[in-house]
Structures are given as structure tokens and as C-alpha cells.
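[1] My questions are about this predicted structure, shown below with the sequence.
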Amino acid sequence: MELDADDFFRDDEDQAEAQDSLLEGELSKEYVVYLVDASPKMFNTLFPTQEHQKLESHFHIAISCISQTLKTQIITRSYDQVAICFFNTREKKNLQDLKSVFVFNVPEREFLDRPTARLIKEFDQLEELFSKNIGSQHGIVSDTRENSLYNAIWAAQALLRKGSAKTVDKRILLFTNDDDPFGSIKGAAKSDMIRMTLQRAKDAQDLGISIEILPLSCPDGVFKISQFYADLIGLEGDDLVDFMPEAGKKLEDMKSQLRKRMFTKRIVKRLKFTIVNGISIELNSYALVRHTEPGAVTWLDSVTNLPLKIERTFICADTGAVVENPTKQFLPYKSQNIIFSMEQLSEIKRISTGQLNLLGFKPLSCLRDYYNLKPSSFLYPSHEGTDSSMCIFIALHRSMIELNRFAVAFSGSSSRPQLVALIAQEEVIQSGSQIEPPGMHMIYLPYSDDIRLVEERYSDTSGMVTKASSDQIKRAADLIKRVDLKDFSVCQISNPALQRHYAVLQALALEEDDVPEMKDETLPDEEGLTRPGVVRAVEEFKTSIYGDNYDEQNEHGIGKPTEASKKRKAMLEFATTECKQYDWGELADTGKLKDLTVVELKYYLTAHNLPVSGKKEAIISRIFSHMGK
């Protein structure tokens, strides 16, 4: 097969990233069974919520939380699989044919599988048909040996039997408002049933399955976790005291989840860090912050709507017969075809045999901020390594901190050579809890042609670059301080384009009529920008750059007026003329500003040099603020 000369040494970045994503999917899967109490108490407890001010049952709260989680899970955790199980039910449907346990599912889907659009659509309608199709009853009553909670944990454990606990996180989330499910039973029978249920929960936990309780308020008061469920999940001491507040926060987070990809701090890639010949360390890399992109396009069959599988076939040019994948390739050179085997190509591309090789050390002062061209990774020793590997890493880590050095290493596959800087990070502990873990940040260093000099872009024909004066720099610094966001985090603002993208996908998949409006949090804070301190800082900065009489200088021929300045001046004159035709004070006092159009309201803003962006309500509010109303 002929090789393309341009592709001969092609960068395999896409292939490497795909492998990393595959590894992330294998190591980051989470299997969850939602276990919902369907006893009559869950339906009878009614109370008004702050959001809707209407009566809602605890069963409705649980269903709403699960429904919202399913809708966001496809985006946030695409590899995860879920199952929905109800206990204390009249009907039964489970793998073991246990009484009072009903596993909700839809056709063409396993009990534990990734959520589908059909599952979400039918689950949203389940509450209306629950009493007819499934039914509610007390599964733990006196004079019987039926134990619905025991059966539910057993059924959930059976659902989570697939997948290895080493590569998959398995969880059971239990929704209930009954803090004492065995309250109706007395004597030895109660003790026996409690013992069996706790043993069943312990057996599940021994298999790597964690059990979490999402308690709802009891009909007669506060949910008492110590009554029974503290023993079920193993709570004691401070954990028992802090459990209820944390559980309330977790329930609120499930109610109001944001459509976003969650890069949880799990292993993304395993690396072998070679110090010198014969000495190496096994490291795990973690993705701390990553830029979120829409999901990859998946081609579907127009009839079955199933993903298409792409296959490649080699056909002989002489005979037309189907041949196996060629083991040799050639590259035309002058008048000859140079033949390469796959092993030879791999050897030609090979630059280093290791994934991460130490080259040396340099002072931290040599590292510049603009060297960091893409998100860094965090390195920490692997638990699968030996004790000597951990000792080597600790010694290296301490020495780099004490000597104020960073390590320069070679990273990447054979076709992706790249230098990286390894910066040691000390452990930070506040109030007895770890804020920052010890480890190393791996910063990907740029190539020489990745760095551009600012002077080359902004120099004039003579090569000279105009420098800002000390006063201009001071005014710019004052302006930055005025508009600086306190305690800002990149997680505070969502990407409006992605939110819209996910909302449209959800509406198409669930056949919803309306696409929900998404709030654009990237728009500037108009109210904050009109504060006197900010306005003053902006004017001082403009004056330091353009002078006191910038437009007047252009009128008298001191400087050539631009088209933008001409247009801006014409708009100001027109707005000032139109603004005089309105009695703004009377309109504000009588509440008639809302009767004006947005164009008319902008006359006032333009004439008084105020921002004109925003909706009508924001414009009216800005006018009131300027008038001191």
C-alpha cells in the first residue's frame, strides 16, 4: 500500500487521545441502582415546596431527582449504567423473583444499562400509572416473614454483579422517609430480621458495593438516621453527626443539576516515569481542569437509528479480490518504491522507549507563565507500585521543593515527542482537612515556533514599538482592580452555547415541544459597570489613552478622524436631540417608561453616555439608577 509522504510521519494525537478516552471510560465507569421506597408513607406525606408552593409527596421528590439525574447523566457521565428499583410494591419484577421488589425497565434494554431516551420518557410518566401498574404496599408487617428491604438489597446486588470492582464504582442509592422500617414488628422476630438485613448489606459492601441513604423527612418529624440506617451504612462518631446536613445538600444537587461534562478526579492514564536506567516509578495522571466540547458526531442508520459500524476492506487493483490488511507499505522515492514493514515504520518513528523520561532539572525562575499552552495533568504514585517506588517519588518530590527546582522530562508516544515540566506541589492542610494534595503538576512545554513575540505584531515599519506610559499603565491597573471578580472560579460560569446544544439534544431525544431557555452568564454585569467607581476608572483610562478632547481635536484637524468616530459622534448628536423631546422625570414618576420602545429608551442612554445593551427591563433599571430614582 502506498504511503502519503505528508502522512508518513503524521502525528498520532487523535489516536492517542482516543486511547486516553477509552482508558478513562474503562477506569471511570459507575454502576448505580436507584432504590426507591414505594410504601404508602411515601405517598401520604404531602408538603408545599419553596419552588412551586404546592403539595408534593416524597415519592414525587424521589422520582423527580432520578429523572433529572438520568437526563444529565448522558452528558455528564456517558459511560455510567443505571437501574431503577422499587421496593414495598404490590407487583414484583426482578431477576430472583423476589416479592415486593419491582425493577423498572423498557424493552430492548438490560436491567442495568446506560439510560436511553425511551427509558426517560416512560419514567417521566411512571408516577401517574404507578398505582395501576405496580402498586404500593407495606412489605414489612407483623405475623409474616417477608422482608422487602432485604429483598431489595439482594436484588440490587444481583443487578450490580457485572463489572469488576477494580475498574467500576458500584453504588446503591436508597430513597426513603421511614427511619425505622421494622417498627411494626416486635420481639425476637424484629431482631432476627434486622440482623439478616444488616448482614445482607455487609455482604454487598464486601463485594465493593457502597450503599448511600438519601433520607426524606419522616411523617412525624425529623429522619432519625441512628434508628436503623446508621448501622446499615456504618456511620459512627462525627460522620453520624454530619450525615443529615450532607445528605440534604446531596438531594438538592440532584434536583438542580447543570448540563455539563464532569471530569471527576479519576485516573486518566498510567505512566512509567524513568529516572535513570533501571530505576522507574509507576505514576497515575489525573485531569484537573479540561475545556468542554460537544460530543462527537455519531452516524446512525436512517431506518433502525442504530450506530453505524465503519469497516475497511482492501481490494487488489489487479484482480479485484479482497485481500487481508497489507503487512508492508511503500513510499515512492525517485524511481524506486521503498518498502517498509509495519515493524520498521514503528522503529523509525520511535524516539524513546519510555512514556516519561527524566532529562534534568532547572530553577523555577526559568519557567514562564506563557509556556503553559494547554491544561496540565496531575501526577501521583500508583498504588500498584512497590514501596521503593513510593520512596523514590517522595525523595524526588522533597528535593525539588527544597532546591526550588522543576524537572524537565520527555513525554509522549513515539510519534508525539514533547518536553514537559514537572513541578512539585506541597500538601496544604487547613482545619485538619487536606486542601491541596502532594504530587507533581505536568506542564506541557511549547516548541520554539509556538511562542510569538508581541513586538513583531505591534511594531511599525521602522521596527519601533509604542510603549505605554507609566500613567497609562497605572490607569489600566486601576480599571482592572475595579472590575476584578472576587473569588472567581471557572466553574461559576457555564458555557451558554453548550447549554443550548444540550437542551436541543434533550428536546429532540425526548420529543419535547419546547426547548428551555438558557441563561447566558457570560454577559457583562451591566448594573455593576454603572457604579460610580467603575465609570470613573473607565473615563480616566480613556482620557489617559485618547486625551481630554479626542473628538474636538479631530474636528480642528489635529489628527485624522476615523469612520467610527464620525459615526459615533453622529449617533450622539441624534440621540441628544431626540432625548430632549421627552420629559424623563415625569415618565419615571408616573411609571410610563415601560410604555416607550427600546429604541426610544436608548436615546436617553446614548445621550448620557451609558451602556445600551440588555433587555428592556435592564435598560429601564439603568435609567432609574442614573436619575437617582
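    All right, it came through fine.
[2] alpha carbons only for contacts and neighbour counts from here, please
    Will do.
[3] so how many other residues sit close to G533?
    The burial metric for G533, expressed as a neighbour count using other Cα atoms under 10 Å, is 13.
[4] do the same with F228
    The local packing count at F228 equals 16, with neighbours defined by other Cα under 10 Å.
[5] please renumber so the chain begins at 643
    In the new numbering, first residue 643, that becomes F870.
[6] Next, D785: phi, psi?
    In terms of degrees, to the nearest 10, the main-chain angles of D785 are phi 70, psi 10.
[7] Can you show me the helices along the stretch 993-1142 of the chain?
    Taking DSSP state H, counting those that start in this stretch, the helices of the stretch 993-1142 of the chain run over residues 1029-1044, 1096-1100, 1112-1125, 1138-1151.
[8] The chain - how does it break down into domains?
    If the domains of the chain are taken from the TED database, they occupy 670-902, 907-1097, 1110-1126+1134-1192, 1203-1267, with pieces of a single domain joined by a plus sign.
[9] so of those domains, which one's packed in deepest?
    Burial among these, expressed as mean neighbours by mean count of other Cα atoms under 10 Å, is greatest for domain 670-902, which shows a mean of 17.
[10] Let's have the domains of the chain in JSON lines, adding mean pLDDT.
    Conversion of the domains of the chain to JSON lines gives the following (pLDDT from 0 to 100):
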{"stretch": "domain 670-902", "mean pLDDT": "82"}
{"stretch": "domain 907-1097", "mean pLDDT": "82"}
{"stretch": "domain 1110-1126+1134-1192", "mean pLDDT": "83"}
{"stretch": "domain 1203-1267", "mean pLDDT": "81"}
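[11] can you give me the strands in the stretch 693-842 of the chain?
    697-699, 723-729, 743-746, 810-818 (DSSP state E, counting those that start in this stretch).
[12] re the thing from before, take the helices of the stretch 993-1142 of the chain and write them to TSV, including distance to L1009.
    Output for the helices of the stretch 993-1142 of the chain, formatted as TSV (distance: least, Cα to Cα, whole Å):
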stretch	distance to L1009
helix 1029-1044	14
helix 1096-1100	18
helix 1112-1125	25
helix 1138-1151	34
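[13] Relative to W1226, which of the ones you listed is closest?
    If you check each of the helices of the stretch 993-1142 of the chain against W1226 by Cα to Cα, helix 1112-1125 wins as the nearest, at 29.8 Å.
[14] same for that closest one, what does it pack against?
    If you count contacts as 3 or more Cα pairs under 8 Å, 6 or more residues apart in numbering; DSSP states H and E, helix 1112-1125 packs onto helix 1174-1188.
[15] 10 Å - rerun?
    Applying 3 or more Cα pairs under 10 Å, 6 or more residues apart in numbering; DSSP states H and E, we find helix 1112-1125 packed against helix 1168-1171, helix 1174-1188.
[16] Including distance to I917, could these go into JSON lines?
    Converted to JSON lines, these look like this (distance: least, Cα to Cα, whole Å):
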{"stretch": "helix 1168-1171", "distance to I917": "53"}
{"stretch": "helix 1174-1188", "distance to I917": "52"}
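[17] Among these, which comes closest to A1230?
    Across the helices and strands packed on helix 1112-1125, the minimum distance to A1230, taken as Cα to Cα, is reached by helix 1168-1171, at 18.3 Å.
[18] Which strands and helices lie in contact with the closest one?
    Here helix 1168-1171 touches helix 1112-1125, helix 1174-1188, helix 1258-1269, going by 3+ Cα pairs under 10 Å, 6+ apart.
[19] would a markdown table of the ones you listed with distance to F824 be doable?
    Conversion of the helices and strands packed on helix 1168-1171 to a markdown table gives the following (distance: least, Cα to Cα, whole Å):
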| stretch | distance to F824 |
| --- | --- |
| helix 1112-1125 | 59 |
| helix 1174-1188 | 64 |
| helix 1258-1269 | 57 |
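[20] Nearest to L771, out of those?
    helix 1258-1269 (43.2 Å).
[21] Report all helices and strands that that closest one contacts.
    When contacts are defined as 3+ Cα pairs under 10 Å, 6+ apart, helix 1258-1269 packs onto helix 1168-1171, helix 1226-1232, helix 1240-1249.
[22] Export the ones you listed to JSON lines and append columns for distance to Q1141.
    Listed next are these as JSON lines, based on distance: least, Cα to Cα, whole Å:
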{"stretch": "helix 1168-1171", "distance to Q1141": "22"}
{"stretch": "helix 1226-1232", "distance to Q1141": "37"}
{"stretch": "helix 1240-1249", "distance to Q1141": "28"}
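[23] Figure out which of these is closest to F915.
    Distance to F915, taken as Cα to Cα, is lowest for helix 1168-1171 among these, at 49.7 Å.
[24] quick one: contacts of the closest one?
    Applying Cα atoms under 10 Å, 6 or more residues apart in numbering, the external contacts of helix 1168-1171 come out as 1124-1125, 1176-1177, 1180, 1252-1256, 1260-1261, 1263-1264, 1267.
[25] measure stretch 946-966 end to end?
    30 Å (Cα to Cα, to the nearest Å).
[26] Next, report how far it is displaced from the centre of its chain.
    Stretch 946-966 has its C-alpha centroid displaced from the chain centroid by 38 Å (Cα atoms, centre = their mean, to the nearest Å).
[27] Out of the strands of the stretch 693-842 of the chain, the one nearest P949 is which?
    Of all these, strand 723-729 comes closest under Cα to Cα, at 18.5 Å.
[28] The closest one to strand 810-818, inter-axis angle?
    Interaxial angle of strand 723-729 relative to strand 810-818 (axes from the mean of the first three to the mean of the last three Cα atoms, to 10 degrees): 30 degrees.
[29] In CSV, list the C-alpha atoms belonging to strand 723-729.
    Only the C-alpha atoms of strand 723-729 are listed here, as CSV (Å, rounded to 0.1, in the frame of the first residue of the first chain):
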residue,chain,number,x,y,z
GLN,A,723,-25.1,2.5,33.8
VAL,A,724,-28.2,2.7,36.0
ALA,A,725,-31.0,0.6,37.2
ILE,A,726,-34.3,1.7,38.9
CYS,A,727,-35.7,-0.5,41.5
PHE,A,728,-38.8,0.0,43.8
PHE,A,729,-39.5,-2.0,46.9
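[30] related to what we said a few turns ago, figure out which of the helices and strands packed on helix 1168-1171 is closest to I853.
    When these are ranked by proximity to I853, the top entry is helix 1112-1125, at 46.4 Å, counting by Cα to Cα.
[31] now the helices for the stretch 643-792 of the chain?
    Using DSSP H, counting those that start in this stretch, helices in the stretch 643-792 of the chain cover 655-670, 682-686, 700-718, 759-766, 768-775, 790-801.
[32] got the contact list for D1190?
    D1190 sits next to E1181, E1182, K1184 when contact means Cα under 10 Å, 6+ apart.
[33] What is the three-state secondary structure of it?
    At D1190 the chain is in coil, as set by DSSP: H, G, I helix; E, B strand; the rest coil.
[34] any idea how far it is from Y871?
    73 Å.
[35] Q779 too?
    Counting by Cα to Cα, the separation of Q779 from Y871 is 21 Å.
[36] can I assume I1265 is in contact with A1249?
    No. In this structure, I1265 sits apart from A1249 without contact. The criterion is Cα atoms under 10 Å, and the distance is 11.5 Å.
[37] Excluding sequence neighbours, find me the nearest residue to S1018.
    The shortest distance from S1018 to any residue other than its chain neighbours is 4.8 Å, reached at I1085 (Cα to Cα, 6 or more residues apart in numbering).
[38] from memory that neighbour sits against A1066, does it?
    No. Distance between I1085 and A1066: 11.2 Å, which falls outside the contact criterion (Cα under 10 Å).
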